[in-house]
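S.K.: Give me a model of this one.
(2 chains)
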2 protein chains.
Amino acid sequence: MRLAELSERSGVSTATIKYYLRERLLRPGHRVSTTQAEYDEGHLRRLRLVRALIQVGGMPVATAREVIAAVEDDSLDHHMRLGAAVWALPHAPEPAGTDAVDDAARRTADVLLERIGWTYGREVGDHSPAYRMLADAIAGLSRAGHPCDPEQLLPYARAAAQLAVTDLDMVEAYETPEEQVEAAVALTVLYEPVLLSLRRLAEAEESNNRFGDGD
Amino acid sequence: MRLAELSERSGVSTATIKYYLRERLLRPGHRVSTTQAEYDEGHLRRLRLVRALIQVGGMPVATAREVIAAVEDDSLDHHMRLGAAVWALPHAPEPAGTDAVDDAARRTADVLLERIGWTYGREVGDHSPAYRMLADAIAGLSRAGHPCDPEQLLPYARAAAQLAVTDLDMVEAYETPEEQVEAAVALTVLYEPVLLSLRRLAEAEESNNRFGDGD
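M.R.: The predicted structure follows:
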């Protein structure tokens, strides 16, 4: 298909597609003349992924490029590619230094992973952005005057474990390894606002059940 | 306590506290002389909440001020104050207009709320930022080439319903209505990165179980 059709089918303007091409977030089309290029279904899929990362996930272009590079890295086996791609997803900025609160947060995170039985997460530990994001979140709770212990976090970890089964089932429904890696990244990012909005709605519901006047 | 002690106990610099005072995110201290003011435990709690909203939640000052105003509004009953405060929490910016994808997303959201039995959410519907955030997230999935139906969203809604029970139990553990409203807002915001990081860790775990080489 031509650029105009790629734009039409993806809902991304031609100006934005040209920007993504310049930024190497999208591979060049197949040249058919000096002024025209052809794009295929792979370009469309990749464009949708880039759009999900940048427009929905709010990811900076440089980070999106790293995620795409991990998606494309044929040298890794399937699990490694899945891992590397989700791995490259951004997390909260590193704290300037670590203090006693950060150290305590890491210990809380470690005990939680041990209690829930996530041996892979325990091995990878501090190297994983998701682990650091968890430790930072636990430290944030503590600094805001709401310290938590591993016991209080267990319901969240159990819910996450259930959802991961749902997430991976959706990923496995895609046929090729490349599609699966793309889907893993896109679904991880795209379901985050789904989950957060549902939690707020559920809180309103539960609050109404407990404190509402029953009208 | 004096400003220096408030800074020490909250971990927020005196310059930032003065900025929050100017921005009316924090009530003035009790004047004890022309140059000094006293702060109490209420100031410390409020400061921790403001910090949670702005530094952890990444909320703009103007939005934080709205949330704080809702927390402080004595004219509302307890459920309304809880609702209004969580209500004022920010969501994704409004789309410029609505198209067929947005309309379909709202129908998907409505069927989901009906299926899970959230009657309060159904009544409030479009007036709730959380509902609009959900509809936008569903539209985003569709535009990224991963359309979903209510059935696929049910596991996420069920997990959210379970977590809301945990969340409200934590809120009810606080004694006064004012502390409960503050805790509802703070815990909603502060547990969001906890939940997202745990989901990513759980995905890595599940992916390793399914595709890892078993080392």
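S.K.: So what's the residue count around A:H30?
M.R.: Residues near A:H30, counting by other C-beta atoms under 10 Å in any protein chain shown, number 11. For every residue, glycine as well, the C-beta is placed using N, CA and C.
S.K.: A helix includes A:R27, no?
M.R.: No: according to DSSP: H, G, I helix; E, B strand; the rest coil, the state of A:R27 is coil, so it is not within a helix.
S.K.: any bit of stretch A:171-184 sitting next to chain B?
M.R.: Yes: interface with chain B: stretch A:171-184 contributes A:172, A:183-184 (C-beta under 8 Å from any C-beta of the partner chain).
S.K.: CA atoms of that stretch as CSV?
M.R.: What follows is stretch A:171-184, C-alpha atoms only, in CSV (Å, rounded to 0.1, in the frame of the first residue of the first chain):
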residue,chain,number,x,y,z
VAL,A,171,-0.2,-12.9,23.6
GLU,A,172,-0.2,-16.6,22.7
ALA,A,173,-3.4,-16.2,20.6
TYR,A,174,-1.1,-14.4,18.1
GLU,A,175,0.5,-16.7,15.5
THR,A,176,4.1,-15.7,14.8
PRO,A,177,6.8,-15.0,17.4
GLU,A,178,7.2,-11.5,16.1
GLU,A,179,3.5,-10.8,16.5
GLN,A,180,3.6,-12.2,20.0
VAL,A,181,6.4,-10.0,21.1
GLU,A,182,4.7,-6.9,19.6
ALA,A,183,1.4,-7.9,21.3
ALA,A,184,3.2,-8.4,24.7
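S.K.: After the helix or strand bottoming out on mean pLDDT in chain A, which helix or strand is next?
M.R.: Counting by mean pLDDT, DSSP states H and E, chain A has its least confident helix or strand at helix A:78-87, which shows a mean of 70. Using DSSP states H and E, the helix or strand that follows helix A:78-87 towards the C-terminus is helix A:100-116.
S.K.: got the CA coordinates for that next one in CSV?
M.R.: Extracted in CSV, the C-alpha atoms of helix A:100-116 (Å, rounded to 0.1, in the frame of the first residue of the first chain):
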residue,chain,number,x,y,z
ALA,A,100,17.2,3.8,54.7
VAL,A,101,13.6,4.1,53.3
ASP,A,102,14.8,2.8,49.9
ASP,A,103,16.7,-0.1,51.6
ALA,A,104,13.7,-1.0,53.6
ALA,A,105,11.5,-0.9,50.5
ARG,A,106,13.8,-3.3,48.7
ARG,A,107,13.6,-5.7,51.6
THR,A,108,9.8,-5.5,51.6
ALA,A,109,9.8,-6.2,47.8
ASP,A,110,12.1,-9.1,48.3
VAL,A,111,10.0,-10.7,51.0
LEU,A,112,6.9,-10.1,48.9
LEU,A,113,8.4,-11.9,45.8
GLU,A,114,9.5,-14.7,48.1
ARG,A,115,6.0,-15.1,49.6
ILE,A,116,4.3,-15.1,46.3
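S.K.: Contacts for it next, please.
M.R.: By C-beta atoms under 8 Å, 6 or more residues apart in numbering or on different chains, the residues outside helix A:100-116 that reach it are A:95, A:121-122, A:125-126, A:131, A:134-136, A:138-139, A:142-143, A:148-150, A:153-154, A:157-158, A:161, B:201.
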